[in-house]
Each structure stands twice: as C-alpha cells, then as structure tokens.
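Q: A predicted structure for the sequence below; I have some questions about it.
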Amino acid sequence: MIITNHVLTGAVVGAMAPSVPAAVAAGVASHFALDAVPHFGVPDRYFMRLAVPDGLVGLAAIAVVAARTPADRRGRVLAGIVGACLPDMDKPSRQFFGRSPFPAVLDDWHASIQHESVRRFPVELCTAALAVTALVRSLRRP
C-alpha cells in the first residue's frame, strides 16, 4: 500500500479515536489491515521511483489534513497518521542506514502479509477515494 493511503486512513481512524494513544494504536492496526489487502507494489529496483513522489504526496496530504482538521481533533488525527505510517519506517531506515529499526521477526511478518502486484494500482485509487470520503465525513461530524 502506498504511504499516502496509510496517511489518509490514519487520519480517518484518528478522527474517530477517543484519545491520542487510541489513535496511534488504531493507526498501527489500520496499517497492517491495509497491507493485508492485495495491493500495488513495484520490484525493489523501482522502489525509489515510487517512494519519492508518494512520500511527497503523503506529506502534502498531512499538511492539508492538519490545516482542515478542527483544532480540538487535530492531535488525534495526527496521532492516527503517525501510527499508520510508523510500521513502514523500515523502508527509509534500510535505504539510508542499511537496517530496519524493528526486530527481524516483525519485519518478516510484515513482509509475509503483503501481496503486491504492479497490476493493482486501481486498488490504491479506490482506497484513496474511500479514505478521503470517510475523512471528510468524519471531520464534519461533531
């Protein structure tokens, strides 16, 4: 799953969470739930071609979401985003430092639940559309 979709779904679960710690936990859970869905992915040699623009779009999404979220919910929404993105910190850590910050058993399990294909980009688009719709609706409710 692309990081932008983890950002968007993390914002949704954060918006609905009762507290910041619950938002982080729900964000982490949402990450693994999304990764278990067969989704888009590219071979390792093309990873940075996808990761750089996706990361920039994800950062822009965080900025827009933070700006549009009411102040009383912003902390929970941002906490949900952090939780949803945290499990993928192994990727930049490997790229820049040569190792994952997580135990090998967690990395191995995380990799085992992912079923990626270059033919599944429509899954990413549908996930993004559903997440944006859910986020807009959740931020409108009191």
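A: Now that the structure is in, tell me what you want to look at. Numbering: from 1, shown residues only.

Q: can you give me the buried ones in the helix or strand that contains A23?
A: Here A23, judged by DSSP states H and E, is contained in helix 20-36. Using 16 or more other Cβ atoms under 10 Å as the burial criterion, the residues of helix 20-36 that qualify are V20, A22, A23, V24, A25, A26, G27, V28, S30, H31, L34, D35. Placement of C-beta: from N, CA and C, glycine included.

Q: which strands and helices lie in contact with that helix?
A: helix 3-16, helix 71-85 (3 or more Cβ pairs under 8 Å, 6 or more residues apart in numbering; DSSP states H and E).

Q: just how off-centre is the helix or strand just after that helix within its chain?
A: For helix 20-36, the following helix or strand on the C-terminal side (DSSP H and E) is strand 39-40. Its chain's average C-alpha position is 13 Å from that of strand 39-40, according to Cα atoms, centre = their mean, to the nearest Å.

Q: strands paired with strand 39-40, and their directions?
A: strand 116-117 (parallel) (DSSP bridges).

Q: using CSV, write out every CA atom in stretch 16-29.
A: Extracted in CSV, the C-alpha atoms of stretch 16-29 (Å, rounded to 0.1, in the frame of the first residue of the first chain):
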residue,chain,number,x,y,z
MET,A,16,-12.8,8.7,15.2
ALA,A,17,-10.5,7.7,18.1
PRO,A,18,-11.4,8.8,21.7
SER,A,19,-7.8,9.7,22.6
VAL,A,20,-4.3,10.2,21.2
PRO,A,21,-3.0,6.8,22.5
ALA,A,22,-6.0,5.1,21.0
ALA,A,23,-5.4,7.0,17.7
VAL,A,24,-1.8,5.8,17.5
ALA,A,25,-2.9,2.2,18.2
ALA,A,26,-5.7,2.3,15.7
GLY,A,27,-3.4,3.8,13.1
VAL,A,28,-0.9,0.9,13.6
ALA,A,29,-3.8,-1.6,13.3
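
Q: which residues touch the helix holding A23?
A: By Cβ atoms under 8 Å, 6 or more residues apart in numbering, the surrounding residues in contact with helix 20-36 are 1, 5-6, 9-10, 12-14, 16-17, 75-77, 79-88, 110, 113-114, 127.

Q: could you check the pLDDT of P142?
A: Listed pLDDT for P142 reads 68.
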